[in-house]
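Undergrad: got a structure for you, letters missing:
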């Protein structure tokens, strides 16, 4: 039941919330022992803040919930490959696992650095990537 | 008068504030037209948040002050080379210039990626690095 697809669908719901609010549609959730402890979507426009990516907001919320900076027992599900900023934050949090949907070949961390993440962080990629990419493409199409 | 040393001394004062509060002593300021529009020091312990680096707090404050996400006419002065998280945030802000004191050969952005920053961002390094390193060394010595 608690598959990567199950949790990614919830992250996609967050991305849809962003879409409806005219934000780049990216969503993230953080899960610990199969319990969702943080949900967030991109809010860079609303907050007028380049640091308000879904991942950063989810990390901050999860730290607050767990009352610890170290998230090594948690998994982040995010609809787009994290950028270097978010990968750097995930490094400092020592997140246990990252599951992302679509690759970002332009600003995704894996294109820009081989050492962005903590060496103990597991990675799973491509989960529901078509759904995530569809949302991104529709968003940018509507902006043209 | 408004030299890099002049502004870095103010960033070092921020780092000293962090030191006194038992935070890793790193300080940052953001300057626009020779006016300081943001001052911050590392608050990861106080806020229990890995994202609360001096640079991130300064960027958020500068965006709020200027009411824009784009800081291309601003200079960030920081006492330690930014990590990948902070470099990633600086990329998204398109900061005009970064002046840093000490290099961080372990987690500094320049060790980990050649494309972390925006290609229009100017860099100046090594400004008052002895003072910045002294503060860091004293801090970690006191922790042993």
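TA: Done, it's in. Everything numeric in this text was worked out from a predicted model, so none of it was measured.
Undergrad: Could you pull up the contacting residues of residue A:16?
TA: Neighbouring residues of residue A:16 by C-beta atoms under 8 Å, 6 or more residues apart in numbering or on different chains: A:25, A:27, A:135. Just so you know, the C-beta spots here come from the backbone N, C-alpha and C atoms, and that holds for glycine as well.
Undergrad: number of nearby residues for the second one?
TA: To tie it back to what came earlier, the one meant is residue A:27. 29 (other C-beta atoms under 10 Å in any protein chain shown).
Undergrad: Could you point out the longest helix of chain A?
TA: The longest helix of chain A (DSSP state H) is helix A:4-20.
Undergrad: next one: that one to chain centre, how far?
TA: The chain centre lies 10 Å from the centre of helix A:4-20; the measure is C-alpha atoms, centre = their mean, to the nearest Å.
Undergrad: How about stretch A:26-34?
TA: 8 Å.
Undergrad: Mind listing residues that contact that stretch?
TA: Under C-beta under 8 Å, 6+ apart, the answer for stretch A:26-34 is A:2, A:7, A:10-18, A:36-42, A:53-55, A:57-59, A:61-62, A:66, A:71, A:73-80, A:136.
Undergrad: Could you list the buried residues of the longest helix of chain A?
TA: Using 16 or more other C-beta atoms under 10 Å in any protein chain shown as the test for burial, helix A:4-20 gives A:4, A:7-8, A:11-12, A:14-15, A:17-19.
Undergrad: Chain B contacts on chain A?
TA: A:44, A:48-51, A:56, A:59-60, A:63-64, A:67-69, A:83-89, A:91-93, A:107, A:112-113, A:115-116 (C-beta under 8 Å from any C-beta of the partner chain).
Undergrad: Could you pull out the helices in chain A for me?
TA: Using DSSP H, helices in chain A cover A:4-20, A:44-47, A:54-66, A:84-93, A:109-112, A:129-143.
Undergrad: and those helices, which is most packed in?
TA: Highest mean neighbour count of the helices of chain A: helix A:84-93, a mean of 27 (counted as mean count of other C-beta atoms under 10 Å in any protein chain shown).
Undergrad: what pLDDT, on average, does that one get?
TA: Confidence for helix A:84-93, expressed as mean pLDDT, is 98.
Undergrad: Can you give the distance from that helix to the centre of its chain?
TA: 11 Å.
Undergrad: same deal with stretch A:51-65?
TA: For stretch A:51-65, the distance to the chain centre is 10 Å (C-alpha atoms, centre = their mean).
Undergrad: Equivalent analysis for stretch A:109-116, please.
TA: With C-alpha atoms, centre = their mean, you get 16 Å for stretch A:109-116.
Undergrad: All good on my end, thank you.
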